[in-house]
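*Asks:* Sequence plus predicted model, see below.
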Amino acid sequence: MKTQSRSKRKLTGGLYHQLRKKKKYDFGSDYLPVKIAKTKKKTIKVLGGNKKQRLLQTDIANVLNLATGKSQLVKILTVKENPANPHFVRMNVITKGAIIETELGLAKVTSRPGQHGAINAVLIKS
């Protein structure tokens, strides 16, 4: 389990004394990259008995055209640019801020696919 709590060790290498045991809200989660393929989602249980949709792979994006103010579902062809990691372009991994090529043209992803369970994008070049 990944935790987002204080390190066990000091800068000098000595051990800190444990203040309390690990709590559920201290736990993080592993990164699950969103790839281009037939849509596949995973439901995870989170704090408070809630559920979150985790997107694993998809080939559809909800693209907004700012010129007309209308949005439509379009097919994703490939990832053109990804400022998060240059290697994500080669692996076709979609994150927030990635430039994707769609049937309408180039679009910038505005949602967090791993958190929101969907890909929303804004058309930048048609």
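*Replies:* Everything's here; your move.
*Asks:* Quick one: name whatever helix or strand follows the lowest-mean-pLDDT helix or strand in the chain.
*Replies:* Ranked by mean pLDDT, DSSP states H and E, the helix or strand of the chain with the weakest confidence is helix 113-116, at a mean of 88. Using DSSP states H and E, the next helix or strand after helix 113-116 towards the C-terminus is strand 120-125.
*Asks:* so how far is residue 113 from residue 56?
*Replies:* 9 Å (CB to CB, to the nearest Å). The C-beta positions use only the backbone N, C-alpha and C, and glycine is treated the same way.
*Asks:* Show me which of the two is the more surrounded one.
*Replies:* Ranked by neighbour count (other CB atoms under 10 Å), residue 56 and residue 113 place residue 113 first, with 25 against 16.
*Asks:* so what's residue 104 up against?
*Replies:* Neighbour list for residue 104: 63, 65, 72, 74, 123, 126 [criterion: CB atoms under 8 Å, 6 or more residues apart in numbering].
*Asks:* ok so, going back, export the least confident helix or strand of the chain as PDB, just CAs?
*Replies:* Listed next in PDB are the C-alpha coordinates belonging to helix 113-116 (Å, rounded to 0.1, in the frame of the first residue of the first chain):
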ATOM      1  CA  PRO A 113      -9.400  10.600 -17.100                       C
ATOM      2  CA  GLY A 114      -8.100   8.500 -14.300                       C
ATOM      3  CA  GLN A 115     -10.200  10.500 -11.700                       C
ATOM      4  CA  HIS A 116     -13.300  11.500 -13.700                       C
END
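*Asks:* For that helix, enumerate the helices and strands it packs against.
*Replies:* With contacts taken as 3 or more CB pairs under 8 Å, 6 or more residues apart in numbering; DSSP states H and E, helix 113-116 sits against strand 51-58.
*Asks:* Show me what the helix or strand following the strand it packs on is packed against.
*Replies:* The element immediately downstream of strand 51-58 (helix or strand, assigned by DSSP H and E) is strand 60-65. Strand 60-65 is packed against strand 70-81, strand 99-102, strand 106-109, strand 120-125, with contacts defined by 3+ CB pairs under 8 Å, 6+ apart.
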